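# pasting the sequence and the predicted model now:
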Amino acid sequence: MNSSLTLKSVKVRAVVVPLRRPVIAGIGRFDHWPMILVDVETQGGITGHSYIAPYRAASVPAIVTALRDLGDTFRNRPLAPFDLFDAAMKALNVDGVTGVSTIAVSGLDMAVWDALAKAANLPLAVFLGGTPGPNRAYNSNGLWRHDVATLADEARQLQADGGFQAMKLRLGNVHLKDDLAAIRAVREGVGAGIDLMVDFNQALGLGDAIRRCHELDDQGLYWIEEPIAYDNVRGYVQLAQKVRTPLQIGENFYGSRDFFTFLSAGAVHYAMADLMRIGGVTGWLQTAHVAGAAGVQLSNHLYPEIAAHLLRVTPTAHWLEWVDWANPILADPLEPRDGLVWTPDRPGIGMSWNEKNVSKYEVPV
């Protein structure tokens, strides 16, 4: 690690980009995707990049303010991510360490790791002790809760767009027959051999979830994701004991302690981590160690550009969730091949901005 690197400044910008396919799920509808771009500038002239995507454009100003405050707080401090992460979480503890606090720290943390790996002239995966290589991926760019008549064709498009043999479908319709029709449409489009994950986006109450998951147990689904509210530990314990199809949870975990709480309660079959909430690279590494000790397979939620590195150093690495939502503002986006997403063999995360498009989509903050 380059001990001479110190934090000079943190530059924060916000963009709102259009989505090729609107996100339509139990959490709402999103036609545009807000992102906060973080540039950590060092005294050594190296700049680390990261981004975070807080779903709601109205949330952006609060996160930007927190990031700028962190930049002021840690100016001229050595670029030591574990120290910075610990100090930042302690500094924000009085405001609570979930929500905006963790999201802001995550954005800073990922950019710091990017700068350090660049200073070493190594891809982040190699800097962390692994190797660049392929990650098994599923396409999560579509199959939202919309007209079932469009799903078969959309599934074919998703399969062709990178040779995917796995994809995610969103469920949670009022009636079981509509969920079954959606599953049937996808299978008609791409065949029964596809690995099909389904996500309820917390749409059900516990009783309905028990009933619905039982009714879907014979559909050959790879996993059932977040059927109930993400923080209902007791409910997930009950569900985990009653269904045959593995449950997937974790995108809303704030840090490794949340994961450990669900794990120790017996509520986890599969887990995933969202870099914005889990604590960036540092939080991911902490969580991956817990998952590895427990033998629980860990996937990412969003942020494929960064997860492509982190899954390569995760003992129980599972699936990479592929979305291309950041592509409009990236200079060299990843391109899936044969259902795989390869780690960029470039220094750091391997991510830089398409400044022309950043200017096009930038919003004032």
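Looks like it arrived, so ask away. Quick caveat, the model's predicted, so the values are computed rather than measured.
# buried residues, stretch 168-185. List them.
Lys168, Leu169, Arg170, Leu171, Gly172, Asn173, Asp179, Leu180, Ala182, Ile183, Ala185 (16 or more other CB atoms under 10 Å). All C-beta atoms are positioned from the backbone trio N, CA, C, and that covers glycine.
# show only the entries of the residues you listed found in helices.
Asp179, Leu180, Ala182, Ile183, Ala185 (DSSP state H).
# not counting sequence-adjacent ones, nearest residue to the first one?
It refers to Asp179. Leu171 (4.5 Å; CB to CB, 6 or more residues apart in numbering).
# equivalent analysis for the fourth one, please.
Of all residues not flanking Ile183 in the chain, Gln219 sits nearest, at 5.6 Å (CB to CB, 6+ apart).
# check whether the one you found sits in a helix, strand or coil.
Three-state assignment for Gln219 (DSSP: H, G, I helix; E, B strand; the rest coil): coil.
# what's the burial count for it?
Close neighbours of Gln219, defined as other CB atoms under 10 Å, add up to 15.
# for it, phi and psi?
Dihedral angles of Gln219 (phi, psi; degrees, to the nearest 10) stand at phi -90, psi 0.
# all strands for the stretch 201-350 of the chain, in order.
223-225, 247-249, 270-274, 298-301, 320-322, 340-342 (DSSP state E, counting those that start in this stretch).
# so what are the sheet partners of the second one and their directions?
The pairing partners recorded for strand 247-249 under DSSP bridges are strand 223-225 (parallel), strand 270-274 (parallel).
# contacts for it?
197, 199, 223-227, 230, 236, 239-240, 262, 267-272, 299 (CB atoms under 8 Å, 6 or more residues apart in numbering).
# by residue count, what's the longest strand in the chain?
Longest strand in the chain by number of residues (criterion: DSSP state E): strand 7-25.
# dump that strand to CSV, restricted to CA.
Extracted in CSV, the C-alpha atoms of strand 7-25 (Å, rounded to 0.1, in the frame of the first residue of the first chain):
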residue,chain,number,x,y,z
LEU,A,7,-6.5,12.7,0.5
LYS,A,8,-6.5,16.1,-1.1
SER,A,9,-10.2,16.6,-1.9
VAL,A,10,-13.4,14.9,-2.7
LYS,A,11,-15.3,16.0,-5.8
VAL,A,12,-19.0,15.1,-5.9
ARG,A,13,-21.4,15.4,-8.8
ALA,A,14,-24.9,14.1,-9.5
VAL,A,15,-26.4,12.8,-12.7
VAL,A,16,-29.8,11.5,-13.7
VAL,A,17,-29.7,9.1,-16.6
PRO,A,18,-32.6,7.5,-18.5
LEU,A,19,-33.2,3.8,-18.2
ARG,A,20,-33.6,1.7,-21.3
ARG,A,21,-36.3,-0.2,-19.5
PRO,A,22,-38.2,1.4,-16.6
VAL,A,23,-37.9,-0.3,-13.2
ILE,A,24,-41.4,-1.3,-12.2
ALA,A,25,-41.7,-3.3,-8.9
